[in-house]
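Peer 1: Okay, sequence plus prediction incoming.
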Amino acid sequence: MTTVISVRFRNGTKTYYFDPHGIPVNTGDDVVVETAQGLEFAQCTQGNHQVEDSQVVQPLRPLIRVATDNDRNTFAYNQTREKEAFEICQRKIAAHKLEMKLVRVECSFDGSKIIFFFTADGRVDFRELVKDLAGVFRSRIELRQIGVRDEAKMLGGLGICGRPFCCAQFMDDFVPVSIKMAKTQNLSLNPTKISGTCGRLMCCLKYEQEAYEDALKRMPKNDSFVLTPDGPGNVSDVNVLKETVGVKLDDRTDGPRRYRNCEICVLRNGKGGREGIAIPTKLPDRYVEERKEPLFPAVISDYTPESEPPAEEEEAPGKEPRRRRSRGRRGAKKPAGEPAAKEAVVEVRPAVKADSKPGEGRRRSRSARKSPAPTDSVVPKPAAVAQNSEAPRKRTHRGGRRHHGGKPKTEG
């Protein structure tokens, strides 16, 4: 076992092992380590821990020190210098009319070397460009041509799935991807659907390739001759994820029927004739889905109260139904202490003659209002009104401005 620390450079995803030389380092600390390119500023992703000797590539580079405030200031100054170098190099590329795209600029920790990363379709003669950059920065200049995948990893971004690029987030190295993987997973071969932002096949095609290959070993191929619980037939399609197959039965013309992989017996795998194939008389058993008990019992159905509420009393057949409570005045509240129900008061109004004019039987004099209403069905008219029905009525106040006028004169 070897004691090491894991560090990561810049915003990369790959980690490297370094020898701490007994210096305690915590996760997240900034450190200065020695590399083949000289001193470099990095971040510790895992503190002192032990790994197998087979996982360590000898010779193991040492840890110089835990970063100080002066080291962090130097690193910040180098980042400012990288931005200036990027702008200057773009102007120089345009002046020399070179067909290349500048991607990134990195400056070494001690400032002795500046590395320019670029992409291009072919070879580029950048000797004159190197001379101009060396005269401006007075440092060692190095230009490196990278591919489109490395460019996407450096720049980052969002893929068609809406998540950050896998290469810029957690992938250490690029994995080989081929069009055969898309065919195995039964994906559309449209380049715009299976290609990433970099223009190459998506790296995520590799993630499920092993699962598809393992499932295809258990599934029959298309046009295979199989025996189902309903009889023999040929396989029309295969669903690898659900592990089901569509079979066109010999004695049915209503289209293929869907069966599970465990329900069929393969008599011939792949295309071919049926000559010499013995069809078993016993048909395979159908798949019966087992009912699984729920992990958690139903809380409402399993709960039984300690004391059940009393049942509502049924009304006797001869008993009068309960009367509805009158609404009363709109907005009036029920005073406290008032009984729940009161006896209904029935008001007896005098009857109106059949030959009376509209509104005659409803108006009474003030003295008649104070006296109790007669109980007879016919209300006699006042004498004055009976003798002269055309006598003018007394004007009463009905709201608004009161009219101060004299009393109307009556004859006799």
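Peer 2: Everything's here; your move.
Peer 1: and the one helix or strand residue 117 maps to, which strands flank it?
Peer 2: According to DSSP states H and E, residue 117 maps onto strand 113-119. Here strand 113-119 has these sheet partners by DSSP bridges: strand 101-107 (antiparallel), strand 140-145 (parallel).
Peer 1: out of those strands, which comes closest to residue 203?
Peer 2: Nearest of those to residue 203, taken as CB to CB: strand 101-107 at 19.0 Å. Quick note: C-beta positions are derived from backbone N, CA and C, even for glycine.
Peer 1: Could you list the buried residues of that closest one?
Peer 2: 102, 103, 104, 105, 106, 107 (16 or more other CB atoms under 10 Å).
Peer 1: Closest one to residue 132 out of the residues you listed, please.
Peer 2: Nearest member of the buried residues of strand 101-107 to residue 132, counting by CB to CB, is residue 102, at 13.9 Å.
Peer 1: Quick one: residues contacting residue 270.
Peer 2: By CB atoms under 8 Å, 6 or more residues apart in numbering, the residues touching residue 270 are 221, 223, 224.
Peer 1: Out of these, list just those in helices.
Peer 2: Using DSSP state H, no member of the contacts of residue 270 falls in helices.
Peer 1: For residue 165, grab the count of nearby residues.
Peer 2: Per other CB atoms under 10 Å, the neighbour tally for residue 165 reads 20.
Peer 1: my bad, should have said residue 1
Peer 2: Neighbours of residue 1 (other CB under 10 Å): 9.
Peer 1: Could you do residue 46 as well?
Peer 2: 17.
Peer 1: Please apply the same query to residue 208.
Peer 2: With other CB under 10 Å as criterion, residue 208 counts 15.
Peer 1: and the gap between it and residue 192?
Peer 2: 20 Å (CB to CB, to the nearest Å).
Peer 1: residue ranges for the strands of the stretch 101-250 of the chain, please.
Peer 2: 101-107, 113-119, 140-145, 225-228, 231-239, 244-249 (DSSP state E, counting those that start in this stretch).
Peer 1: and residue 94, which of the strands paired with strand 113-119 is closest to it?
Peer 2: Here strand 101-107 is closest among the strands paired with strand 113-119 (CB to CB), at 10.3 Å.
Peer 1: ok now the closest one, how far from the chain's centre?
Peer 2: 37 Å (CA atoms, centre = their mean, to the nearest Å).
Peer 1: per-residue confidence at the spatially most central residue of the chain?
Peer 2: The centroid of the chain falls nearest to residue 162 when counting by CA atoms, centre = their mean (11.8 Å). According to the prediction, residue 162 has pLDDT 86.
Peer 1: Now do residue 4 against residue 29, distance only.
Peer 2: Distance from residue 4 to residue 29, by CB to CB: 15 Å.
Peer 1: When those two are compared, which one has more neighbours?
Peer 2: residue 4 (21 against 15).
Peer 1: Next, the angle strand 101-107 makes with the helix or strand hosting that one.
Peer 2: Using DSSP H and E, residue 4 maps to strand 2-9. Calculated by axes from the mean of the first three to the mean of the last three CA atoms, to 10 degrees, strand 2-9 forms an angle of 130 degrees with strand 101-107.
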